[in-house]
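*Asks:* Build me a model from this:
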Amino acid sequence: MLRNIFPTLGRFRFTVQIIMLFVTVYGGSVLGSYATNQLTEALPSLACAYDKLSSDKCILIVTQHQLHHRIGQALVNAKLVTVKVLIPTLISVGVFFAAFFFLNKAFCGWVCPMGTVQELIFRIGRRLGRPLNRFDKNNVGKVRPVKWLMLLVLVLGLPLLAGMGVASNELGAPYCQVCPSRLATTLLTMDAEQIAMQTSSGIGFFLNAAGNALFGFVIIAALAVRLPFCRICPLLSWNAMFQKLSPMRLVKKQNDKCEKCSICQIACPMDIHEIGRESGSKAFHEDCTLCGRCAEYCPDDDVIQIKFFGIKLFGSSLAYYKNRVKKESPEGLPKGKVIWLTQIKADK
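*Replies:* Take a look at the predicted model:
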């Protein structure tokens, strides 16, 4: 039945993404603010708390607030550590892990509204015939550490220093000021308040300017690069710390044919070249979002699988691969649907 409705895993994932984009951006108007805070405060995806209609909140803003308002101050006043600091922090992280445990990093590939926005823009770029740019195995390693730097400095370090009184109080949630999801999700609700520049202080102005610049860069880059912001997103690194603890994971068997085949790594939107040459746990790289494209474009039966508690949810197959490439190439080019620029070039 599911195969009849959704002929490919990619089509099914895209449908889930669109539904979750609506739910995470506009769902708060249905459930109300109190219910959404209680139910989805720690859902591990970039659903922005600045979105007034959101039905979801990002764990990164919760973490920053805990570090700023609780842990930082508690280190100055040790008597607050037990009841007012550790317990609320453990609850926040615990709720996050409870949700993350079941779906692992599929939250990034299936739920995150910022990821969906980037994929929609990328699809537009493909249909406009824009050139595809990607990271090869020699330079992708230069980008990967950025997400860890963003996590350590913007999400953890500066909020903690602000809570301790060492840094300015305006640095209590610096990541949220530069996060492109803050602008993307609020603009989707026709709220332009977050894009306005703060001029009351130098720090606020700098953070807002950096956020607006990053947002503009991501929107433009997404036309020619798959998931440009996801590569440096601190939530990706945050999720990576827990990915081995979840029963939901990507599994790849050893196959001698992989040495001569690179289709799966070409299909990977995160340019994870390890998926083509590694097997076992090494194939489930920290940048993997469990989108499943590598399994969709693997031409060998069950070499790449997505499993939950060891049960196969989806596995590669030659028959599926042949059907998939009829609709879309591994790079994401639609068959027979590229318009405008490509057509203009052809007319010339």
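*Asks:* Please work out which residues outside the helix or strand residue 88 falls within touch it.
*Replies:* Using DSSP states H and E, residue 88 sits in helix 87-103. Residues outside helix 87-103 that contact it (C-beta atoms under 8 Å, 6 or more residues apart in numbering) are 41-44, 59, 62-63, 66, 70-71, 107, 110-111, 239, 242, 245-248, 290. C-beta: built from backbone N, CA, C; applies to glycine.
*Asks:* which sections of this protein are below the confidence cut-off?
*Replies:* 1-6, 33-47, 49, 53-57, 77-85, 336-348 (pLDDT under 70).
*Asks:* what's the offset of the helix holding residue 88 from the middle of its chain?
*Replies:* 18 Å (C-alpha atoms, centre = their mean, to the nearest Å).
*Asks:* Likewise for stretch 291-306?
*Replies:* The answer for stretch 291-306 is 20 Å, by C-alpha atoms, centre = their mean.
*Asks:* what's the span of it from first residue to last?
*Replies:* Length of stretch 291-306, first residue to last, C-alpha to C-alpha, to the nearest Å: 10 Å.
*Asks:* picking up where we left off before, got the CA coordinates for the helix holding residue 88 in PDB?
*Replies:* The C-alpha trace of helix 87-103 is given here as PDB (Å, rounded to 0.1, in the frame of the first residue of the first chain):
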ATOM      1  CA  ILE A  87      17.800  19.000  37.800                       C
ATOM      2  CA  PRO A  88      16.300  21.400  35.200                       C
ATOM      3  CA  THR A  89      19.300  20.800  32.900                       C
ATOM      4  CA  LEU A  90      19.100  17.100  33.200                       C
ATOM      5  CA  ILE A  91      15.300  17.300  32.500                       C
ATOM      6  CA  SER A  92      16.000  19.400  29.300                       C
ATOM      7  CA  VAL A  93      18.700  17.000  28.100                       C
ATOM      8  CA  GLY A  94      16.600  14.000  29.200                       C
ATOM      9  CA  VAL A  95      13.600  15.000  27.200                       C
ATOM     10  CA  PHE A  96      15.800  15.700  24.200                       C
ATOM     11  CA  PHE A  97      17.400  12.300  24.400                       C
ATOM     12  CA  ALA A  98      14.000  10.500  24.900                       C
ATOM     13  CA  ALA A  99      12.900  12.000  21.500                       C
ATOM     14  CA  PHE A 100      16.200  11.500  19.900                       C
ATOM     15  CA  PHE A 101      16.500   7.900  21.000                       C
ATOM     16  CA  PHE A 102      13.900   6.600  18.600                       C
ATOM     17  CA  LEU A 103      14.600   8.500  15.500                       C
END
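*Asks:* Confirm that residue 50 sits in a strand.
*Replies:* No. Applying DSSP: H, G, I helix; E, B strand; the rest coil, one finds residue 50 to be coil, outside a strand.
*Asks:* I'd say it and residue 192 touch.
*Replies:* No. Counting by C-beta atoms under 8 Å, residue 50 stays clear of residue 192, with 11.9 Å between them.
*Asks:* All the strands of this protein, residue numbers only.
*Replies:* Using DSSP state E, the strands found in the chain span residues 248-252, 304-308, 311-315.
*Asks:* Now that we have those, can you turn them into CSV and tack on distance to residue 98 and mean neighbour count?
*Replies:* Output for those, formatted as CSV (distance: least, C-beta to C-beta, whole Å; neighbours: other C-beta atoms under 10 Å):
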stretch, distance to residue 98, mean neighbour count
strand 248-252, 13, 22
strand 304-308, 16, 19
strand 311-315, 20, 13
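*Asks:* is it possible to export those strands to a markdown table including distance to residue 136?
*Replies:* Below are those laid out as a markdown table (distance: least, C-beta to C-beta, whole Å):
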| stretch | distance to residue 136 |
| --- | --- |
| strand 248-252 | 21 |
| strand 304-308 | 21 |
| strand 311-315 | 28 |
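*Asks:* Select, out of these, the one closest to residue 159.
*Replies:* Residue 159 sits nearest to strand 248-252 of all these, at 29.6 Å, using C-beta to C-beta.
*Asks:* what's the burial count for residue 123?
*Replies:* Neighbours of residue 123 under the rule other C-beta atoms under 10 Å: 17.
*Asks:* remind me, longest helix of this structure?
*Replies:* Identified as the longest helix of the chain according to DSSP state H is helix 202-221.
*Asks:* Going by neighbour count, list what's buried in that helix.
*Replies:* Going by neighbour count (16 or more other C-beta atoms under 10 Å), the buried part of helix 202-221 is 203-204, 207-208, 211-212, 214-215, 218-219, 221.
*Asks:* who's in contact with it?
*Replies:* The contact list for helix 202-221 (C-beta under 8 Å, 6+ apart) reads 118, 121, 168, 170-171, 174, 177-180, 182-184, 195-199, 228-229.
*Asks:* can you pull the alpha-carbon coordinates of that helix into PDB?
*Replies:* What follows is helix 202-221, C-alpha atoms only, in PDB (Å, rounded to 0.1, in the frame of the first residue of the first chain):
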ATOM      1  CA  GLY A 202      27.500  47.000  19.200                       C
ATOM      2  CA  ILE A 203      27.200  43.300  20.200                       C
ATOM      3  CA  GLY A 204      23.600  43.100  19.200                       C
ATOM      4  CA  PHE A 205      24.200  44.800  15.900                       C
ATOM      5  CA  PHE A 206      27.200  42.500  15.100                       C
ATOM      6  CA  LEU A 207      25.200  39.400  15.900                       C
ATOM      7  CA  ASN A 208      22.200  40.500  13.900                       C
ATOM      8  CA  ALA A 209      24.400  41.600  10.900                       C
ATOM      9  CA  ALA A 210      26.200  38.200  11.000                       C
ATOM     10  CA  GLY A 211      22.800  36.300  11.200                       C
ATOM     11  CA  ASN A 212      21.300  38.200   8.300                       C
ATOM     12  CA  ALA A 213      24.500  37.700   6.200                       C
ATOM     13  CA  LEU A 214      24.500  34.000   7.000                       C
ATOM     14  CA  PHE A 215      20.900  33.700   6.100                       C
ATOM     15  CA  GLY A 216      21.400  35.400   2.800                       C
ATOM     16  CA  PHE A 217      24.400  33.300   2.000                       C
ATOM     17  CA  VAL A 218      22.600  30.000   2.800                       C
ATOM     18  CA  ILE A 219      19.600  30.900   0.700                       C
ATOM     19  CA  ILE A 220      21.700  31.700  -2.300                       C
ATOM     20  CA  ALA A 221      24.200  28.900  -1.800                       C
END
